[in-house]
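Undergrad: Next input, structure requested:
(chains A, B, C and D)
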There are 2 protein chains.
Amino acid sequence: MENFLSLTDDKQKTIRNAALKLFGGYGYKMASIKDIADEAGISKSMIFHYFGTKKDLYLYLVDYCSKILKGPLMHYDDLPTDYFERIKVATKKQMALLKEEPFFMVFLPTMLSEKDPDVAKELQIYREYAASFQKDYAFKGVDLSKFKDDVDPIIVLRMMVWMAEGFSKKISQDNEDSYQRYVDEFTETVELLRKNLYKEVYL
Amino acid sequence: MENFLSLTDDKQKTIRNAALKLFGGYGYKMASIKDIADEAGISKSMIFHYFGTKKDLYLYLVDYCSKILKGPLMHYDDLPTDYFERIKVATKKQMALLKEEPFFMVFLPTMLSEKDPDVAKELQIYREYAASFQKDYAFKGVDLSKFKDDVDPIIVLRMMVWMAEGFSKKISQDNEDSYQRYVDEFTETVELLRKNLYKEVYL
DNA sequence: TAGCATATAAACCGATTCGGTCGAAGCGAT
DNA sequence: ATCGCTTCGACCGAATCGGTTTATATGCTA
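TA: I've put the predicted structure just below:
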């Protein structure tokens, strides 16, 4: 591990991204060290020189991603109580993250559903953490009184979850750096919903 | 092939679903015959007895799925011009399909992006077909005049695409047969949007 | 009941790939 | 010249790959 940490940040990132991408795409067992090394443009031996074993590499990635999860990105103490404002803040944060860690959202879902006994045990904690987190972040402390009386907020919240899911999937497919356009499109959509679902007083 | 086709329909379906699931999850190369056989509860030799080679099995699945695509499910001559009605019709069809072919939507996307030279060539036709189809099905002949004047239909259409994506992802994760509840939730959401985005005349 | 075809699986094949090791080449600093 | 460090290609035994062959169990027919 110290071998890896003494590399330049650029090189660390290249290797980490290759590993995140392939573990994310294929899971622990099916992703091979050779493929990761090829993707990173180094030889297979280097991976072992840096990390020791496949398992150590994987657990390093788990730790790395958990630090992102716990990082300043995910503090939800001071989130807006206005639902649509919160959505917009969250989206902006997401996009910023995606720009810096393009494979974080590739790795995380497969990590959370990883079943291989070699590593499954170490993941249990993160599973629970991620689950509770998502709920709080999306819903906790939201001011639902701004919605029109005949608009069921539950339905809106559910809809937004679906939307966000589809939206982020779309983004992760396009690898261009047209993030700004996507953010604009998403913001446009949120504004349309606000305008039509809130009481006029709050517009 | 004739060996396979002479099996009972149930057994055919078991084997086909196992193959669709694993090819869908891992792609042509990374999905192994042994894993497919295990998933189907038969021995590896039987797969070769039924299909000859791995490639033949894969191409059989491609053909099988293309028949579904071209089937009555996908005729869009008589779709409603009302946008939300069309969404609802499409969703109902999708759910019915998902019930009968739970792995169709697992296999199709990876099939459409399969790059392995062993099979890639045979897939070109389906790629183009699927792309053009999706656009027509979602948008062709939709009556956009029912939307409120200050509601940009483009945004609504885009939003619905995201929603549908996220919705179907959610469904494919839950393997319970609670399809009906999902359909109800989705219908509820569509109704909410119609009520708030259409001119009052059309409600 | 003897004999034959068929369905199925286990054992096996050579080739490849797996995670992991090792020795040597390259190279900057001393 | 040599030490230390990085890097890589060659290599290891074990496992797995797609695919074949052999053995066995189960009928169907005569």
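
Undergrad: Which residues of chain A lie near DNA strand C?
TA: Taking CB under 7 Å from any atom of the strand as the measure of proximity, chain A contacts DNA strand C at A:31-35, A:44-45, A:48, A:52-55. Glycine gets a C-beta too; all of them are placed from N, C-alpha and C.

Undergrad: so which of those is the most crowded?
TA: In terms of neighbour count, residue A:31 stands highest of the residues of chain A next to DNA strand C at 22 neighbours, by other CB atoms under 10 Å in any protein chain shown.

Undergrad: That one reaches residue A:23, doesn't it?
TA: Yes - here residue A:31 lies in contact with residue A:23, judged by CB atoms under 8 Å, at a distance of 4.8 Å.

Undergrad: Only alpha carbons, please: show the host helix or strand of residue A:137 as PDB.
TA: Counting by DSSP states H and E, the element that carries residue A:137 is helix A:117-139. Output of helix A:117-139 as PDB, limited to C-alpha atoms (Å, rounded to 0.1, in the frame of the first residue of the first chain):
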ATOM      1  CA  PRO A 117     -17.400 -14.400   0.300                       C
ATOM      2  CA  ASP A 118     -13.800 -13.100  -0.100                       C
ATOM      3  CA  VAL A 119     -14.900  -9.600   0.500                       C
ATOM      4  CA  ALA A 120     -18.600  -9.600   1.300                       C
ATOM      5  CA  LYS A 121     -18.000  -9.500   5.100                       C
ATOM      6  CA  GLU A 122     -16.200  -6.200   5.000                       C
ATOM      7  CA  LEU A 123     -19.000  -4.500   3.100                       C
ATOM      8  CA  GLN A 124     -21.800  -5.100   5.500                       C
ATOM      9  CA  ILE A 125     -21.300  -1.800   7.400                       C
ATOM     10  CA  TYR A 126     -21.300   0.300   4.200                       C
ATOM     11  CA  ARG A 127     -24.500  -1.300   3.000                       C
ATOM     12  CA  GLU A 128     -26.500  -0.200   6.000                       C
ATOM     13  CA  TYR A 129     -24.800   3.200   6.000                       C
ATOM     14  CA  ALA A 130     -25.600   3.900   2.300                       C
ATOM     15  CA  ALA A 131     -29.300   2.800   2.700                       C
ATOM     16  CA  SER A 132     -30.100   5.000   5.600                       C
ATOM     17  CA  PHE A 133     -28.200   7.900   4.100                       C
ATOM     18  CA  GLN A 134     -30.200   8.000   0.900                       C
ATOM     19  CA  LYS A 135     -33.500   8.300   2.700                       C
ATOM     20  CA  ASP A 136     -32.400  11.000   5.000                       C
ATOM     21  CA  TYR A 137     -30.800  13.000   2.300                       C
ATOM     22  CA  ALA A 138     -33.800  12.900   0.000                       C
ATOM     23  CA  PHE A 139     -36.600  13.400   2.500                       C
END
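
Undergrad: elements contacting whichever helix or strand comes after it?
TA: Once the chain leaves helix A:117-139, the next helix or strand it forms, by DSSP H and E, is helix A:153-173. Packed against helix A:153-173, as judged by 3 or more CB pairs under 8 Å, 6 or more residues apart in numbering or on different chains; DSSP states H and E, are the following elements: helix A:83-100, helix A:104-112, helix A:117-139, helix A:179-197, helix B:153-173, helix B:179-197.

Undergrad: now those in CSV, with distance to DNA strand D, mean pLDDT and mean neighbour count?
TA: As requested, these are exported to CSV (distance: least, CB to the nearest atom of the strand, whole Å; pLDDT from 0 to 100; neighbours: other CB atoms under 10 Å in any protein chain shown):
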stretch, distance to DNA strand D, mean pLDDT, mean neighbour count
helix A:83-100, 23, 88, 17
helix A:104-112, 18, 94, 18
helix A:117-139, 12, 84, 13
helix A:179-197, 31, 93, 17
helix B:153-173, 24, 89, 18
helix B:179-197, 33, 93, 17
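
Undergrad: Nearest approach to residue B:130 belongs to which of the ones you listed?
TA: helix B:153-173 (15.0 Å; CB to CB).

Undergrad: the inter-axis angle of that closest one versus helix A:153-173?
TA: Between helix B:153-173 and helix A:153-173, the angle formed by their directions is 90 degrees, by axes from the mean of the first three to the mean of the last three CA atoms, to 10 degrees.

Undergrad: Mind listing residues that contact helix B:153-173?
TA: For helix B:153-173, contacts defined as CB atoms under 8 Å, 6 or more residues apart in numbering or on different chains pick out A:159, A:161-167, A:169-170, A:185, A:188-189, A:192-193, B:83, B:87, B:91, B:94-95, B:98, B:105-106, B:138-139, B:142, B:144, B:147, B:179, B:182, B:186, B:189, B:193, B:197.
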